[in-house]
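*Asks:* how does the following fold in three dimensions:
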Amino acid sequence: MSINLIAAVDKNLGLGKEGKLLLSIPEDMKLFKALTENNVVIMGRKTFDSLPSRKPLKNRINIVLSNNKNFHPEGVCTFSDKEKALEYAKSLKEDIFIIGGGEIYRQFARDAEVAFITYIDRDFGADVHFPDIFKKHEWKLESEEGPFDFEGIDYFFRKYKKISEKHS
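*Replies:* Next comes the predicted model:
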């Protein structure tokens with residue numbers, strides 16, 4: 001069991017703009033599905049609201065963090081406390097994937113051991129960003145595939161592994 005961050009980011013660590021992904025790359029979506037299926041996904045309410053039809057992702061245990069006590073969509077485990085969500089997720093003995101948004105990535109960055117990052121070599125002027133985890137922790141680029149091309153835009157699949165906490 002491992003705790004993983006999974007995200008697609010632009011060259012400025014942008015994640016999204018106006019509640020939407022910056023770019024929907026079919027190969028990235030396939031990789032996301034392959035990695036997260038039959039595992040646990042943890043997301044914030046805004047990320048859940050951005051899912052197609054606001055329905056849980058199939059073949060995954062969906063956990064949503066929300067401060068709204070009345071938020072209980074069918075097929076979703078909801079928590080208002082990060083630690084309780086993580087404790088529950090760990091009890092399921094499956095890999096855990098943190099899938100967004102920006103604030104959720106920030107909350108779980110310290111807990112994560114692996115980061116699957118689709119790096120898109122373009123600036124999209126995002127209004128939500130992935131935390132710069134590489135400043136707070138020591139991460140090693142374990143593998144990189146690419147560049148690949150999507151509509152004239154280069155992108156890479158990168159896998160990072162946390163080595164240790166940096167001490168300041």
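*Asks:* please make it C-alpha for all contacts and neighbour counts, starting now.
*Replies:* Fine.
*Asks:* ok, the residue nearest the centre of the chain - contacts?
*Replies:* Nearest to the geometric centre of the chain sits I99, at 2.6 Å (Cα atoms, centre = their mean). By Cα atoms under 8 Å, 6 or more residues apart in numbering, the residues touching I99 are L5, I6, A7, V41, I42, M43, Y105.
*Asks:* burial of the fourth one, as a residue count?
*Replies:* In terms of burial, V41 registers 26 neighbours under the definition other Cα atoms under 10 Å.
*Asks:* that one and Y160, how far apart?
*Replies:* From V41 across to Y160, the span is 19 Å (Cα to Cα, to the nearest Å).
*Asks:* same check on the third one?
*Replies:* The spacing between A7 and Y160, counted by Cα to Cα, is 12 Å.
*Asks:* out of those two, which sits in the busier spot?
*Replies:* More crowded of A7 and Y160, by other Cα under 10 Å: A7, with 23 against 20.
*Asks:* and that one, helix, strand or coil?
*Replies:* For A7, the assignment made with DSSP: H, G, I helix; E, B strand; the rest coil gives strand.
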